[in-house]
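**Q** Predicted coordinates and the sequence they were generated for:
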Amino acid sequence: MSSLFTSTHEDMRRGIRKFVDQELNPHADKWEAAGAAPLPAIFARAGELGLLGINKPAEFGGLGLDFSYVMVAAEELGHAHSPSIPFAIGAHLSAIPALTAHGNDALRNEFLVPAISGEAVASIGVSESGAGSDVSAIKTTARKDGGDYVINGAKMWITNSTHARWISLLVNTSEEGGPYRNKSLILVPMDTRGVSVGKPLHKLGMQCSDTAPVFFDEVRVPQRHLIGEEGKGFIYQMEQFQHERLWACLRSISALDDAIALTVDYTRERRTFGKPLIENQALYHRLADYLSQIEAARSMAYRAGEALVSDLDVTRLVSMAKYLVGKLALEVPSTCAQYFGGQGYMWENRITRMLRDLRIVAVGGGANEIMLDVIAKEMGWIGKRSPQRGNK
């Protein structure tokens, strides 16, 4: 356990575990079969429990705690039998750090307060069909007209978009300054005229989490909806990515722990050639190897979390942790499903669900290969570092 965690953290852990065990997991198979979960009701309940504002200011409805408590929430929600739920909650939480850190009080009262309470679901609008991990390549624009911004463009793969009340939208607000200094973050209510949400996308996994394209056609929002300063949207978004990636790491590590435990239980019971399957050395060596790598990833994520709590630049550490967890998310469920034999090919098997759902960790929030690029840039091996918040 990290030295960050105290008895207060463990009290929170027990409460979240109770929520997962009693209010989420009993319904997981039903939601998965239907390909949908009652996300607004789940968000409302999460808000009631304080899970959506753990490290947000008390004056806006948050608990006023530090990010180490968010880490506990990510770990415990990662044990949900439907990984779509912590995935959707993580997307919501990834939309509000910039608003919290850089938005003015009027914006935070209007948008942050209902997001923390769970009354409003939030989305984060960055990716486009031609700009996924390469955030600098986005094409969506916002031009000034009177007291408004007028937005045109489209975003792709937007989680929570069919339920969202508002979206934190990264747009180009200038043709000058280069791709890292011409972007801004603007809050756009989803019911604004000109905003339209496409059909939900048919994904390989995370089927209970809605994902869809969002289109913007001459969308007018007041310039007061700008988060922080114009031209600093790229930097703000990079800060938000560190929260998103660390959440993804910790929830996925818990799921990988579960994958190993499920496989051990199954292979102890499954007998082949007169002995339990787990007594095959190749099998238990592989599981022990994976368990060691998972533990290493957990330690790295904890170290990154400690740095984040200390308000340090965590780009390199989080990228390393995200890469390692993404790599394990591709390998561990696949190997575990193989050890389940024919049962591992059944759609409703939880290990098969993990095989589908955890694959997104290697893509979402920055693909594995992009994480390696970031690490190399942070080390000064190639190119130049993108603008980031410096160490303090």
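**A** Yep, that arrived.
**Q** all contacts plus neighbour counts: C-alpha atoms, from now on.
**A** Noted.
**Q** can you give me the strands in the stretch 1-150 of the chain?
**A** Secondary structure of the stretch 1-150 of the chain (DSSP state E, counting those that start in this stretch): strands at 122-125, 141-145, 148-159.
**Q** Among these, which comes closest to residue 331?
**A** Closest to residue 331 of the strands of the stretch 1-150 of the chain is strand 148-159 (CA to CA; 24.0 Å).
**Q** need the next SSE after the closest one, C-terminal direction.
**A** strand 166-172 (DSSP states H and E).
**Q** and the helix or strand that comes right after that following strand with strand 166-172, angle?
**A** Using DSSP H and E, the helix or strand that follows strand 166-172 in sequence is strand 183-189. With axes from the mean of the first three to the mean of the last three CA atoms, to 10 degrees defining the directions, strand 183-189 sits at 150 degrees from strand 166-172.
**Q** ok, back up a step: as CSV, the strands of the stretch 1-150 of the chain with mean neighbour count and distance to residue 355 would be great.
**A** Formatted as CSV, these follow (neighbours: other CA atoms under 10 Å; distance: least, CA to CA, whole Å):
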stretch, mean neighbour count, distance to residue 355
strand 122-125, 28, 25
strand 141-145, 17, 37
strand 148-159, 22, 20
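**Q** Show me where the stretch 201-350 of the chain has its helices.
**A** 233-269, 281-309, 315-339, 350-357 (DSSP state H, counting those that start in this stretch).
**Q** got the ones you listed as a markdown table, with mean pLDDT, distance to residue 107 and mean neighbour count columns?
**A** Output for those, formatted as a markdown table (pLDDT from 0 to 100; distance: least, CA to CA, whole Å; neighbours: other CA atoms under 10 Å):
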| stretch | mean pLDDT | distance to residue 107 | mean neighbour count |
| --- | --- | --- | --- |
| helix 233-269 | 97 | 16 | 22 |
| helix 281-309 | 97 | 24 | 17 |
| helix 315-339 | 98 | 27 | 23 |
| helix 350-357 | 98 | 34 | 23 |
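**Q** rewinding a little: which stretch among the strands of the stretch 1-150 of the chain approaches residue 318 most closely?
**A** Of all the strands of the stretch 1-150 of the chain, strand 122-125 comes closest under CA to CA, at 19.5 Å.
**Q** Who are the packing partners of that closest one?
**A** Secondary-structure packing of strand 122-125 (3 or more CA pairs under 8 Å, 6 or more residues apart in numbering; DSSP states H and E): helix 84-94, strand 148-159, strand 166-172.
**Q** Export these to TSV and append columns for mean pLDDT.
**A** Formatted as TSV, these follow (pLDDT from 0 to 100):
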stretch	mean pLDDT
helix 84-94	97
strand 148-159	98
strand 166-172	98
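**Q** To residue 46, which of the helices of the stretch 201-350 of the chain lies closest?
**A** Closest among the helices of the stretch 201-350 of the chain, using CA to CA: helix 233-269, at 15.9 Å.
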